[in-house]
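Engineer: quick one, fold the following:
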Amino acid sequence: MGVVTYDMEIPSKVPPVKLYKAFILDGDTLVPKVLPHAIKCVKILEGDGCAGTIKEVTFGEGSHHKCVKQRVDAIDKDNLTYSYTIIEGDVLAEKFESISYHIKIVACPDGGSICKNRSIYTTKGDCKVSEEEIKLGKEKAAEIFKALEAYLLANPDYC
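Structural biologist: Model prediction:
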């Protein structure tokens, strides 16, 4: 088993509390609304949204994957952090045991924010993660984030 970690930071013009509410707290309904081709729906299978909650994410027509199950590992509304792990689904295939994400949204002096994301890929056996796979993961995450940011900027009364 191997572990590959990468960090990514995406700046935003949206204030941190508003971004956290939209991206994390309301993301299960807002992301499918904004990007239905990427994510069709998110269902809570067990739990109440707090740590331990299991969700099923069904991808949209534009995705190469069908669905995943993810577990909420931690959520801290005061510190604007959120962690979750993909525990099942065709995204993992024969290559990964799990993929974990740790998100923190921090304030910028200009009133905007930075979304800091650490992704941890835990591989099965001696499987390797290619630079291309990491690049694709970063691009998908940035696409979702930027689409959500554009929605919030176009809808300033959201929240």
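Engineer: how close does residue 42 sit to residue 159?
Structural biologist: 19 Å (C-beta to C-beta, to the nearest Å). (C-beta placed from N, C-alpha, C; glycine too.)
Engineer: low-confidence stretches in this structure?
Structural biologist: Scanning the chain for pLDDT under 70 picks out nothing.
Engineer: show me where it has strands.
Structural biologist: Counting by DSSP state E, the chain has these strands, from start to end: 3-12, 39-46, 54-59, 67-76, 81-89, 96-107, 113-123.
Engineer: between the ones you listed, which gets nearest to residue 151?
Structural biologist: strand 3-12 (11.8 Å; C-beta to C-beta).
Engineer: chain neighbours aside, what residue packs nearest to residue 50?
Structural biologist: residue 75 (6.2 Å; C-beta to C-beta, 6 or more residues apart in numbering).
Engineer: got the contact list for that neighbour?
Structural biologist: 24, 49-51, 81-83 (C-beta atoms under 8 Å, 6 or more residues apart in numbering).
Engineer: max pairwise distance over those residues: which two?
Structural biologist: So, the contacts of residue 75 by C-beta to C-beta: farthest apart are 49 and 81, at 14.6 Å.
Engineer: higher neighbour count, these two?
Structural biologist: residue 81 (17 against 12; other C-beta atoms under 10 Å).
Engineer: need the contacts of residue 75 in JSON lines (columns: distance to residue 101).
Structural biologist: Compiled in JSON lines, the contacts of residue 75 are given as follows (distance: C-beta to C-beta, whole Å):
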{"residue": "24", "distance to residue 101": "11"}
{"residue": "49", "distance to residue 101": "16"}
{"residue": "50", "distance to residue 101": "17"}
{"residue": "51", "distance to residue 101": "14"}
{"residue": "81", "distance to residue 101": "11"}
{"residue": "82", "distance to residue 101": "8"}
{"residue": "83", "distance to residue 101": "7"}
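Engineer: I'd like the distance between residue 21 and residue 135.
Structural biologist: With C-beta to C-beta as the criterion, residue 21 and residue 135 are 29 Å apart.
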